[in-house]
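Engineer: Provide a 3D model corresponding to the input given below.
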Amino acid sequence: MSDGFKVEITDLYLTAPAFTRAGGAITDAVTQAQSQLAGLGAFWGNDAPGQQFASFYVKDSNELLGLLNTVGGEIEGIADGINQMASNYGVTEEANVAKIMQLEQEEGF
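Structural biologist: As a prediction, the model looks like this:
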């Protein structure tokens, strides 16, 4: 017989903060990178190759940093999902235990 599927609610609650920290670290790194890049200014220069580089670099770097910032927020959001899942499992587990106890009383165990 299989051991079945078992959810350790405490473990879920203990796991969630790791996602909050990881997502926060990503968004902090993005903020730091944006600040450092802003401090550099237009480092590509005004010559033709520099302007050609700037024509795609500015847009692409802003887009990439925006995506990374979104990823950080999404990873932080995983913590909310894990906490909600743990809460739902807890409610279900309590309901199951109550039902079993009710059945035992009805059966005279």
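
Engineer: Next up, the contacts around the residue nearest to the spatial centre of the chain.
Structural biologist: Computing the C-alpha centroid of the chain and ranking residues by C-alpha atoms, centre = their mean puts residue 75 first, at 1.5 Å. By C-beta atoms under 8 Å, 6 or more residues apart in numbering, the contact set of residue 75 is 19, 22, 23, 26. C-beta here means a position set from N, CA and C on the backbone, and glycine is covered the same way.

Engineer: redo that, cut-off 10 Å
Structural biologist: Each residue near residue 75 by C-beta atoms under 10 Å, 6 or more residues apart in numbering is listed here: 18, 19, 20, 21, 22, 23, 24, 25, 26, 27.

Engineer: Just give the nearest non-adjacent residue to the third one, would you?
Structural biologist: What sits nearest to residue 20 in space, not counting adjacent residues and going by C-beta to C-beta, 6 or more residues apart in numbering, is residue 79, at 4.4 Å.

Engineer: May I ask which helix or strand encompasses the one you found?
Structural biologist: Element membership for residue 79 (DSSP states H and E) is helix 48-107.

Engineer: follow-up on the earlier one: what count of nearby residues applies to the residue nearest to residue 20?
Structural biologist: 20 (other C-beta atoms under 10 Å).

Engineer: ditto for the one 5 residues further on
Structural biologist: Other residues near residue 84 number 12, with proximity taken as other C-beta under 10 Å.

Engineer: What pLDDT is listed against it?
Structural biologist: Note for residue 84: predicted pLDDT of 95.

Engineer: and the gap between it and residue 75?
Structural biologist: 16 Å (C-beta to C-beta, to the nearest Å).

Engineer: now residue 34
Structural biologist: 18 Å.

Engineer: do the same with residue 95
Structural biologist: Going from residue 95 to residue 75 by C-beta to C-beta gives 31 Å.
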